[in-house]
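In: need a 3D model of the sequence below.
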Amino acid sequence: MVIKHFKTHGTVMVTVCIFYMKQYLLFFALLMVQGHIMAQVTEVTYKRALRSADISTEIKNKYGDSGIKLLQEQEKALDQLKYTLLFNNTEALFFIDAVTLGLKSEIDNNSYWQLVKREKENKYYYNRPNKQLTYQTLFFGEALNIISSPNELEWKITTESKSIGGFLCYRAVLRKGHNLLGFGEESTIEAWFTPQIPVPYGPKQLEGLPGLIMEAQLATATYYVSKINSKTTAKISPLEKRNEITRTQQVNALLEFKRDVLNRGK
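Out: All right, here's what the predicted structure looks like:
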């Protein structure tokens with residue numbers, strides 16, 4: 001009886017050990033999967049278009065047919081531009097597409113190349129745990145990293161929705177932070193984001209919504225997603241080290257520059 005009881009007890013102990021070992025292996029496997037998801041990079045391609053319907057009348061009234069022609073040339077130039085957003089669960093990087101930099105434009109004027117020259121200097125890196133955006137650019141000829149503070153942009157999320165590329169998207173309107181993006185408070189800045197891709201990223205300096213921004217309207221320009229690749233082999237490279245200023249310091253420097261220009265004209 002004693003021997004029989006010992007065997008039974010031993011069987012129970014072995015069963016318990018196997019159970020906990022399976023739980024440990026499952027937990028370890030989940031950690032591995034989670035780590036893979038955290039590190040997995042998704043590549044999003046954005047395109048940019050002019051909101052010509054909103055500005056063509058104003059342009060025609062102000063500049064005539066020559067203004068409309070220039071607007072059409074800019075639209076052709078913009079149609080060739082592509083932007084890339086690389087992101088995982090903890091970070092994101094937005095920049096002009098490398099292929100775009102090598103394209104040869106057939107546009108006679110320099111609209112395309114002026115856009116490329118301006119945009120190629122700009123990169124936007126978002127650190128999700130810190131809720132911090134770093135904007136790399138040339139500012140008054142100096143190569144700088146411009147650092148944002150958490151929650152500088154404030155959004156109002158509406159119940160208005162539409163489908164973009166098969167994703168359910170909701171409309172959000174910027175309530176605070178226009179000046180940090182280089183716009184006046186009277187400008188309407190809105191974004192359509194999808195909770196189906198729950199990351200706070202978007203084009204340029206737009207961030208902080210509970211889903212990927214699929215479309216964004218900034219004054220006279222619209223950024224929209226044209227492609228999503230979840231199997232990319234691209235890597236997120238850190239920005240190069242540069243002198244740093246805050247986004248508020250950048251805005252104040254611009255305001256001071258404008259005041260100086262106005263004072264010189266008096």
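In: which residues does Glu43 bridge with?
Out: Leu86, Asn229 (DSSP bridges).
In: that one - how many residues pack around it?
Out: 16 (other CB atoms under 10 Å). Bear in mind the C-beta positions are built from the backbone N, C-alpha and C, glycine included.
In: how about Leu93?
Out: Leu93 - counted by other CB under 10 Å - has 22 other residues nearby.
In: partners of whichever strand or helix holds it, with directions?
Out: Using DSSP states H and E, Leu93 maps to strand 91-96. Strand 91-96 has the following strand partners under DSSP bridges: strand 82-87 (antiparallel), strand 123-127 (antiparallel).
In: can you give me the pLDDT of Tyr125?
Out: With respect to pLDDT, Tyr125 has a value of 97.
In: how about the strands paired with strand 91-96, which one is nearest Ser163?
Out: Of all the strands paired with strand 91-96, it is strand 82-87 that lies closest to Ser163, at 20.2 Å by CB to CB.
In: buried sites along the strand or helix carrying Tyr224?
Out: Element membership for Tyr224 (DSSP H and E) is strand 221-229. Judged by neighbour count (16 or more other CB atoms under 10 Å), strand 221-229 contains these buried residues: 222-225, 228.
In: could you chop this structure up by domain?
Out: As assigned by automatic domain parsing, the chain contains the domains 1-39, 40-259.
In: between these, which gets the lowest average pLDDT?
Out: Minimum mean pLDDT among the domains of the chain: domain 1-39, a mean of 45.
In: helices of the stretch 151-266 of the chain, residue ranges please.
Out: 247-264 (DSSP state H, counting those that start in this stretch).
In: what's the angle from the strand holding Leu93 to strand 221-229?
Out: Orientation check (axes from the mean of the first three to the mean of the last three CA atoms, to 10 degrees): strand 91-96 against strand 221-229 gives 120 degrees.
In: and strand 91-96, what's buried?
Out: Quick answer for strand 91-96 (16+ other CB under 10 Å): 91-96.
In: also stretch 147-161?
Out: For stretch 147-161, by 16+ other CB under 10 Å, it's 147-148, 152-153, 155.
In: ok, now stretch 246-266?
Out: 247, 250.
In: in CSV, could you pull the C-alpha coordinates for it?
Out: Output of stretch 246-266 as CSV, limited to C-alpha atoms (Å, rounded to 0.1, in the frame of the first residue of the first chain):
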residue,chain,number,x,y,z
THR,A,246,12.6,72.6,-28.8
ARG,A,247,9.7,73.0,-31.1
THR,A,248,8.6,76.1,-29.0
GLN,A,249,12.1,77.6,-29.4
GLN,A,250,11.8,77.1,-33.2
VAL,A,251,8.5,78.9,-33.3
ASN,A,252,9.8,81.8,-31.2
ALA,A,253,12.8,82.2,-33.4
LEU,A,254,10.6,82.4,-36.5
LEU,A,255,8.4,85.0,-34.9
GLU,A,256,11.4,87.1,-33.9
PHE,A,257,12.7,86.8,-37.5
LYS,A,258,9.4,88.0,-38.9
ARG,A,259,9.4,91.0,-36.4
ASP,A,260,12.9,92.0,-37.5
VAL,A,261,11.9,91.9,-41.1
LEU,A,262,8.8,94.0,-40.5
ASN,A,263,10.8,96.5,-38.4
ARG,A,264,13.4,96.9,-41.2
GLY,A,265,10.6,97.7,-43.6
LYS,A,266,9.4,100.7,-41.5
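In: alright, that wraps it up for me.
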